[in-house]
Each structure stands twice: as C-alpha cells, then as structure tokens.
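Trainee: Make a model of this:
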Amino acid sequence: MLADQIFKANDIRGVVGGPRPEWDPAGARALGSAYGELLGPGHTVVVSRDMRASGPALEQAFAEGVTGQGVNVIRIGLAATDELWFASGFLDLPGVQFTASHNPAEYNGVKFCQAQAQPVTPEFLVELADLARRHDRGEADPPRGAAPGAQSRRDLSAEYAACLHSLVPLEGIRRLKVVVDAGNGMAGRTVPAVLATADVELVGLYLDLDGSFPNHQPSPLEPENLVDAQRAVRRQGADLGLVFDGDADRCVVIDERGEVVPASAIAALIAVAELAREPGATIVVNTIVSHAVRQIVAEQGGHVVESRVGHTYVKAAMARHRAIFGGEHSAHYYFRDFWGADTGLLAGLHVLSQLGRAARPLSQLVARFTRFAASGEINSTVRDAAATMAVVAAAFAGRGEARHDDGLKIVGPDWWFSLRASNTEPLLRLNVEAEAADRMAAVRDDVLRLIHEHEAGPTSLADSGGPSGPVASSKSAEQEVS
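Mentor: Below is the predicted model:
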C-alpha cells in the first residue's frame, strides 16, 4: 500500500505498520518498480538505510522492484544520509536512502538524489508518485523484456571518513572533550569512526543503534531532546556538545556552558572559515537564517544568495551559483566540496577545527555571530494558511518591504519576520528577528495577535488551545522543520 499522504514536497515519509499504516513492503516494491522504470534498464542506483526496524524489509522490497525493471542496485547497508550523498558523489550514481530522519519510530521514508548527490526535481517526485500508485494498484505495464538487474553490496565507510577528514583536517588542534548525543541514530556509527583518529575525548550518549529511540526522540530541534547532552556537557566539563538527528544529516551544537548555539551562528562560523579559504566566494542562506549571517559574509568580502527553505531549494541554489557553503536555520549545512550536499558531521568537524585552534571557549568564539534578538520558531494551528497570511500582510502594509517568494516575509527598518505554511501540517511557522529584544517582542506579539483574531470563532481549530490561542509550540532560536 501507498497512501497519498506519504508523498511530500521533497521526499516520502509515512507510518509503517500499526493500526493505521500508510505504506508497507508491498508499497516499497511498487515504489522500486516505478523508480526503476523511470531510471531505465541498464542503469545502476546506490541504496542505503538507517537503523529503523522497518528498514530492512522496505529496502529489500524496493531493491526487488528496481531490479525487476532491469536496473542494478548497489547496497551500502546501514548509513547516515550524508553517507548516501557521499556514495552518490563518489560512485557517480543516483542514490536512495531509507530514513524518516527525525520522525518517531513508527515512521519510515525515502530520500532521493541524482548522480553526484544532485537534488531531484519536484517534477520527478510527482511523476514517481503517480507511477508508483499505478504499480501499487497493478495498473502499470510489465517490464518490456529487460533482464533483471543485479544486486551487490559495498562498504564505503572508510572512504566516507577519509573524505570528511580531507575537507576538514583536525591535525594540530588542542585536545577537546566532546559530548556526542546520537539519540540512538546513525551518528552512533559514523561519529566514533570519523573521530577515532582525532585528538578528541569522546563522551558518547546513546550511541547504540536502536530505531525504537528508547532514550529520547531523534529530533534535536525539540528542546527536550537536548537536555541530556546539555547536562552531560556541564557535568563533564566538556568543551562542547554535538547532538544529531536520526539520520545524522543535521547537527545542533551546545557550548561549554550547556547553552544551544543558534544554527545561524554556526553557519556564520563556517562561512567565515570557507571565505578565508576562498575569498569572494558565494554563500547560500535560506529566508529564515539570521540577517547577521548576511552582514558577516559581506564584511568578509563574500556574496550571499537567498534560497527558499528546504534542502531541494538550497542544493539547487548551491549548484546554480557554485556556492562554497550553504546554511539553514534548521541546522542543515551544505558544502560545495561535498557535492553541494548537507552533512551534519562535516559541520561538526568545522566547529571542532575552529574551536581546537582557538584559545577561547566556544561561547566566546561564536559571540560575534549573534547580533540580533530572535523569537525562535512559533507554530500556530490555522484553518487556512493563505488567508491568514493575507490578513497579516494587509495589516503590515507600509511598515516594511513585503516578499512572497517563500510564504510571507516582511522586512522593516530594524526587524523582520517570516510566516510560512508547513508542508505537512495545518500550521503557520513564525520567525521574528530584530536589533532590540523589545522590538522583536512587539513585532512577534502583533503577528500572533493578528493570527489569533483571524482564527477566533466557533469553528476555529485553535479554540481548544486555551488562552494561548492558536500557538501550538515555540522552539528555541533558529529551529524549524518543514
């Protein structure tokens, strides 16, 4: 089975098993058949999976569907998503990763890339979804006489580690004590292997692979999932902490005080290092990254290109502009020399390299990169996201420059806010930034009041939310999931 709701804007994701499954191995086989049909007989694809319990059956069924169309499959086994991006670039093959990233244990999903880890297009995903549904219903044409493709296995973990070390060498850094919280995800496999040759004292939390996530959910964007690492940094007197999501493609950094370093500050730190290596280079940021990053890149002589939120858009902008680095507020970091793909571990190595060559603690090292007061992301449940954004836009008319290329963004003289609809839930995501905390709070409260007033009424989804109105949740600064 393949429920319609599993097909998202950038990937596939849905519940496997349980009382209300959204897809299953039979659906994965149909998906593989559709993918193989689009790829064409004689081609080859590299496939991997994360540690979720449903992964082996889904990957096997998908591989059977692909090979049934005459397409060869190289299976690299358990891998972080950025290992799959590496394999795609290293082997010059399209890639498929089975993962549900930060979602709970009952979910699984698929991420795709073209050869050289290039993003697939939205049109490809639409075509794949339509064809997969036909295969799932038994309506697709059978393979046209092509011989079945072959399956083979290959271990690229050593090559992956060598690639990361070549991009950010750690030789010569001072000894660092690093807390790593893998959340029972793939970082538990990749981080110790990559750091084995570095002068690092590793304090590991939840490094064993367990797709049931017995300790905390695999999303470092939720503050409650950072508590254990924050506590360990303080108790161990560590220099920093690194917290990864389930498939290890994003990394949240904690300083020596146990405080979360905003993702925009990490983006600025890496951008400065990359611009020192290649003066005048281009940096890509999404629409919600702190304006401090834009200022800092300009001060360093670099150029900034703004992209819509989401890895598909950032990767495409990286490729178009040959950007050396890209950063998102959701702790995704992209590197031109890593095929333009995002990798949480390479971002972590950048932080280790910079900190290990500095005489200051991390909080002081990144202090100059945090220049504005930020609201963090505030989610509001709404009935009609477009109508609500229109109300907010009308109320702010004349107060700043309005942009509509990625939801609604209004830029005032010393503040800005972004209001975007979720791709998967009936939510509006608000981010506000200003030069002064009181200005940020005033803009934030104005927008939330407008949302609440528009949603108020007998049929409002927000009525059950109590006095807080439509506000569903507020995450710490620089955090969002599309």
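Trainee: Contacts only, for the residue nearest to V15 when sequence neighbours are not counted.
Mentor: Using C-beta to C-beta, 6 or more residues apart in numbering and skipping residues adjacent in sequence, the residue nearest V15 is E22, 4.7 Å away. In short, each C-beta sits where N, CA and C put it, glycine included. Under the criterion of C-beta atoms under 8 Å, 6 or more residues apart in numbering, the neighbours of E22 are M1, L2, A3, Q5, I6, G14, V15, V16.
Trainee: Would you mind giving the domain segments of the protein?
Mentor: Listed by automatic domain parsing, the domain ranges of the chain are 4-155, 159-257, 263-369, 373-474.
Trainee: can you tell me which of these the model trusts least?
Mentor: Note on the domains of the chain: domain 373-474 shows the lowest mean pLDDT, a mean of 83.
Trainee: tally of neighbours for the nearest residue to H102 once chain neighbours are set aside?
Mentor: Nearest residue to H102, sequence neighbours excluded (C-beta to C-beta, 6+ apart): S219, at 3.6 Å. By other C-beta atoms under 10 Å, 24 other residues sit near S219.
Trainee: Tell me which residues touch S219, please.
Mentor: Per C-beta under 8 Å, 6+ apart, neighbours of S219: H102, N103, N225, D245, G246, V481.
Trainee: now those residues in JSON lines, with distance to M389 and neighbour count?
Mentor: Formatted as JSON lines, the contacts of S219 follow (distance: C-beta to C-beta, whole Å; neighbours: other C-beta atoms under 10 Å):
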{"residue": "H102", "distance to M389": "26", "neighbour count": "23"}
{"residue": "N103", "distance to M389": "26", "neighbour count": "21"}
{"residue": "N225", "distance to M389": "30", "neighbour count": "21"}
{"residue": "D245", "distance to M389": "28", "neighbour count": "31"}
{"residue": "G246", "distance to M389": "31", "neighbour count": "31"}
{"residue": "V481", "distance to M389": "19", "neighbour count": "20"}
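Trainee: Distance of V309 relative to V252?
Mentor: For V309, the distance to V252 equals 17 Å [C-beta to C-beta, to the nearest Å].
Trainee: In terms of packing, which of those two has more residues around it?
Mentor: Each of V309 and V252 has its neighbours counted (other C-beta under 10 Å); V252 has more, 29 against 23.
Trainee: What sits closest to the spatially most central residue of the chain if chain neighbours are left out?
Mentor: Nearest to the geometric centre of the chain sits H332, at 4.8 Å (C-alpha atoms, centre = their mean). Counting by C-beta to C-beta, 6+ apart, H332 lies nearest to D342, which is 4.5 Å off, once chain neighbours are set aside.
Trainee: Count the residues that sit near the one you found.
Mentor: As a burial measure, D342 scores 27 neighbours (other C-beta under 10 Å).
Trainee: my guess is it contacts R250, does it?
Mentor: Yes. Contact criterion C-beta atoms under 8 Å: D342 and R250 qualify, at 7.3 Å.
Trainee: which neighbours do the two share?
Mentor: Common neighbours of D342 and R250 (criterion: C-beta under 8 Å, 6+ apart): H332, Y333.
Trainee: isn't V243 right next to R250, touching?
Mentor: No. With contacts counted by C-beta under 8 Å, V243 stays clear of R250, the gap being 9.3 Å.
Trainee: Now the common contact residues for the two.
Mentor: P220.
Trainee: And for E139, the neighbour number?
Mentor: Neighbours of E139 (other C-beta under 10 Å): 9.
Trainee: Number the residues from 12 up from this point.
Mentor: Noted, 12 is the first residue going forward, which turns the last one into E150.
Trainee: so which helix or strand takes in it?
Mentor: Under DSSP states H and E, no helix or strand contains E150.
Trainee: Starting from P32, give me the distance back to it.
Mentor: Noted for E150: a distance of 21 Å to P32, by C-beta to C-beta.
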